[in-house]
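Engineer: My questions are about this predicted structure, shown below with the sequence.
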2 protein chains.
Amino acid sequence: MALTAALGRRGAEQDQEGGGGGNGGNGNGGGEGRMIMREHMFDKVVTPSDVGKLNRLVVPKHFAERHLLPRVPGGAAGAACPGAVLRFEDGRGGGKAWAFRFSYWSSSQSYVITKGWSAFVRDRRLAAGDTVSFCRAGARLFIDCRRRGAGVVSAPTTCLLVPVALPQQATLDQDRAPRGRRLRLFGVDLELAGAE
Amino acid sequence: MALTAALGRRGAEQDQEGGGGGNGGNGNGGGEGRMIMREHMFDKVVTPSDVGKLNRLVVPKHFAERHLLPRVPGGAAGAACPGAVLRFEDGRGGGKAWAFRFSYWSSSQSYVITKGWSAFVRDRRLAAGDTVSFCRAGARLFIDCRRRGAGVVSAPTTCLLVPVALPQQATLDQDRAPRGRRLRLFGVDLELAGAE
DNA sequence: CCACGAACCTGTATC
DNA sequence: CGATACAGGTTCGTG
C-alpha cells in the first residue's frame, strides 16, 4: 500500500462540510486522539441509477472482489455470501456510521450495496456525477464523497489521515482483520492494514 | 361479544354464490347438523396490492395481534412466530378450507398472509375494494368475502350462524380456545366463543 | 428458461 | 414532529 498521506489535509477535510452533525455513537472526542492511516480502497463516480429510485449502488466487480468481499464476515472464500452487512463510518468524522447491505445479484452478475444506501444518498445529497470514496483502516471501513467537478485539493485524495477517538484501548485488538504492521510516526500511532 | 345473529340469514348466505364447489374435506353433510356461533374477528377492504402480484395480504397490525397471533400454535406470547400456518374454512360452507401462511415481516414491521393467499384471491375472484372477513368459532377459523359496494344485507354482518357438521362429537372439546359459554337455543347448540 | 411465489425493502401518509 | 404502519416495489429461489 502507498503511504502517501498528506498530513496537512487533515484540517481541510474536517472543515469541508460543517452541516450534518454527529448523531451520538463513539464520538470524536478531542482529548486523547490517535491517528490511524486510512488506506484508500476505491472510488466510483455515481450514475443516475446509483442515486435514483433503485436504492442501490452498483459496485464494480473488481472493486467488490478485491476490497469488499474480503471484508465480509465469512465470505473471503468467494462464496455468494448473501446480504452481508458492512458498517462504514462517515469519512468526515463525527461518529456517524452507515450500515450497508452488500450483496451479489446473480441475475445481473453484479455486486451491489442495497439496504442503507438510499439513506446515505439523501443525507449527503449525493447526485449523479459525484464521487463516493471507500477507505479502510484495519477492519474499520469509511465512506466519503465529493461533489462532481470538485478537483482534488492536493494530489489524488487516496490516503487521508484522520483523527479517531478510540472508545477503549482495546478497540484495535478487537479488530477481526489480520494484524497489520504498526508504526509510530511523528508521535502518531499508525496502522498499516492489510499489506498486499 | 354481540349475539346479534340473524337465524333467518342462514339460507340467504348459503345461496349467495352457488359456484365454486367443495373439494372434499369434512363436508357439510345434511344430517345431524349443529350450530356454532361465529364470532366476527375483523374485516379488511383489500388494496390493489393485496390482490395483485405481490401474493400477500397485509393484515393491519392491531387485527393481527388481537385476533390472529393468539391463534397460532405456539405464539400467543407475542413472539415473532415465523411462518405459522393457519387453516381457514370457507365461510360459505361446502367444506372447502384454505391454509394460509401467517408471517411477520420485520423489515416492514407488518403482518402478512402469504402462502395460500393467491389461491383464495383467484378462487373467489377477489378484486380491489372487496372486503375479506375473518371469523372464528372456538378454535375454528373462517374466511369469507363480499363484493365492493355490496351493502350488508341485514344489520352489520358481524355475527353469522352457520350449520356445521361436527366430524366427531369430540370436536368441540378439542378446541384449544378458552372455553366459551354454551347455550342451547331453538334446539341448537351455540358456543359463545371468546367473550370480551 | 420462464413463471410464480416468498421474502425483503422503502417512501409516504398518518397519528 | 418523530415514530410507525403499510402500500407498492424489487430480487431471487424454485419448480
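Structural biologist: Looks like it came in fine. Residues are numbered from 1 along each chain as shown, chains lettered A, B, ... in the order given.
Engineer: For chain A, which residues are neighbours of DNA strand C?
Structural biologist: A:53, A:55, A:83, A:101, A:114, A:115, A:116, A:117, A:118, A:122 (Cβ under 7 Å from any atom of the strand). Any C-beta I mention is one placed from the backbone N, CA and C, and that applies to glycine too.
Engineer: Confirm that the last one sits in a helix.
Structural biologist: The reference is to residue A:122. Yes. Checked against DSSP: H, G, I helix; E, B strand; the rest coil, residue A:122 lies within a helix.
Engineer: Quickly note the distance from residue A:83 to residue A:112.
Structural biologist: Note on residue A:83: its distance to residue A:112, by Cβ to Cβ, to the nearest Å, is 10 Å.
Engineer: got the residues of chain A near DNA strand D?
Structural biologist: A:54, A:56, A:80, A:82, A:103, A:104, A:105, A:106, A:107, A:108.
Engineer: Pull the most distant pair out of those residues.
Structural biologist: A:54 and A:80 (20.9 Å; Cβ to Cβ).
Engineer: Which other helices and strands does the longest strand that chain A contains contact?
Structural biologist: As assigned by DSSP state E, the longest strand anywhere in chain A is strand A:34-45. Applying 3 or more Cβ pairs under 8 Å, 6 or more residues apart in numbering or on different chains; DSSP states H and E, we find strand A:34-45 packed against helix A:61-63, strand A:131-137, strand A:160-164, strand A:188-192.
Engineer: and it, which residues are buried?
Structural biologist: A:35, A:36, A:37, A:38, A:39, A:40, A:41, A:42, A:43, A:44 (16 or more other Cβ atoms under 10 Å in any protein chain shown).
Engineer: And for stretch A:117-135?
Structural biologist: Buried residues in stretch A:117-135 (16+ other Cβ under 10 Å): A:117, A:118, A:120, A:121, A:124, A:126, A:130, A:131, A:132, A:133, A:134, A:135.
Engineer: Select, from those, the two members most distant in space.
Structural biologist: Most distant of the buried residues of stretch A:117-135, by Cβ to Cβ, are A:118 and A:135, 21.4 Å apart.
Engineer: For the residue in chain A that DNA strand D sits nearest to, which non-adjacent residue is closest in space?
Structural biologist: Per Cβ to the nearest atom of the strand, residue A:105 is where chain A lies closest to DNA strand D, at 3.3 Å. Nearest-residue entry for residue A:105: residue A:112, 5.6 Å, with adjacent residues in sequence omitted and distances by Cβ to Cβ, 6 or more residues apart in numbering or on different chains.
Engineer: Let me know the average pLDDT across stretch A:150-161.
Structural biologist: The average of the pLDDT scores along stretch A:150-161 is 51.
Engineer: same check, this time on stretch A:73-87
Structural biologist: Per-residue scores along stretch A:73-87 average to 67.
Engineer: Now do the end-to-end distance for that stretch.
Structural biologist: Chord length of stretch A:73-87, first to last residue, is 11 Å (Cα to Cα, to the nearest Å).
Engineer: Next, the angle strand A:131-137 makes with the longest strand of chain A.
Structural biologist: 150 degrees (axes from the mean of the first three to the mean of the last three Cα atoms, to 10 degrees).
Engineer: Which helix or strand lies directly C-terminal to strand A:34-45?
Structural biologist: Sequence order places strand A:57-59 as the next helix or strand after strand A:34-45, per DSSP states H and E.
Engineer: Report all helices and strands that that next one contacts.
Structural biologist: For strand A:57-59, the packing partners by 3+ Cβ pairs under 8 Å, 6+ apart are strand A:110-113.
Engineer: related to what we said a few turns ago, so which of the residues of chain A next to DNA strand D are in strands?
Structural biologist: Using DSSP E, the residues of chain A next to DNA strand D in strands are A:103, A:104, A:105.
Engineer: Kindly state the beta-bridge partners for the second one.
Structural biologist: Taking DSSP bridges, one finds residue A:111 as the beta-bridge partners of residue A:104.
Engineer: which one of the residues of chain A next to DNA strand C has the most neighbours?
Structural biologist: Highest neighbour count within the residues of chain A next to DNA strand C: residue A:117, with 22 neighbours (other Cβ atoms under 10 Å in any protein chain shown).
Engineer: so who does that one touch?
Structural biologist: A:55, A:56, A:57, A:100 (Cβ atoms under 8 Å, 6 or more residues apart in numbering or on different chains).
Engineer: what's the distance between it and residue B:87?
Structural biologist: 41 Å.
Engineer: One more: residue A:66?
Structural biologist: Distance, residue A:66 to residue B:87, by Cβ to Cβ: 52 Å.
Engineer: Can you read off the backbone torsions of the nearest residue to residue A:149 once chain neighbours are set aside?
Structural biologist: Spatial nearest neighbour of residue A:149, chain neighbours left out: residue A:129 (7.5 Å); criterion: Cβ to Cβ, 6+ apart. With angles defined as degrees, to the nearest 10, residue A:129 sits at phi 100, psi -20.
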